[in-house]
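no sequence on this one, just coordinates:
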């Protein structure tokens with residue numbers, strides 16, 4: 001992760017911002033922040049995805065004829 005942030009400066013990102021992110025990643029609190037953010041985003045994606053899937057199945061099962 002640290003290497004990918006280092007490459008951002010070569011891609012045209014602001015070197016000062018890249019250095020700030022690198023310092024944040026080096027600290028234990030920064031890693032906790034990135035981990036918590038990643039887990040929250042995964043939770044959000046899972047909830048939204050399952051909600052959409054549930055809505056599609058409910059619409060599909062309502063149209064099926066029951067015997």
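Thanks, I have it. These numbers come from a predicted model, not from an experiment.

Which elements pack onto the helix or strand where residue 55 lies?
Here residue 55 sits within helix 28-63, counting by DSSP states H and E. Helix 28-63 makes packing contacts with helix 15-26 when contacts are defined by 3 or more Cβ pairs under 8 Å, 6 or more residues apart in numbering; DSSP states H and E. Backbone N, C-alpha and C define where each C-beta goes, glycine included.

Centre of the chain to the helix holding residue 55, how far?
How far helix 28-63 lies from its chain's middle: 10 Å, per Cα atoms, centre = their mean, to the nearest Å.

How about stretch 21-28?
What separates the centre of stretch 21-28 from the centre of its chain is 19 Å, taken as Cα atoms, centre = their mean.

avg pLDDT for that stretch?
Stretch 21-28 carries an average pLDDT of 87.

Can you give me the pLDDT of residue 17?
For residue 17, pLDDT reads 86.

should've said residue 65
Among the per-residue scores, residue 65 holds a pLDDT of 68.

now residue 6
On the pLDDT scale, residue 6 is placed at 73.

quick one: the helix or strand containing it to helix 15-26, angle?
Using DSSP H and E, the element containing residue 6 is helix 2-10. Interaxial angle, helix 2-10 versus helix 15-26 (axes from the mean of the first three to the mean of the last three Cα atoms, to 10 degrees): 170 degrees.

Show me the residue at the heart of the chain, geometrically.
Closest residue to the average C-alpha location of the chain: residue 41 at 4.1 Å, with Cα atoms, centre = their mean.

Near the residue found closest to residue 30 once you drop the neighbours it is linked to in the chain, how many other residues are there?
Spatial nearest neighbour of residue 30, excluding adjacent residues (Cβ to Cβ, 6 or more residues apart in numbering): residue 24 at 3.7 Å. Under the neighbour criterion other Cβ atoms under 10 Å, residue 24 is assigned a count of 14.

And the one 10 residues further on, by the same measure?
Other residues within reach of residue 34, judged by other Cβ under 10 Å, total 14.

so how far is residue 14 from it?
In this structure, residue 34 lies at 19 Å from residue 14, with Cβ to Cβ, to the nearest Å as the measure.
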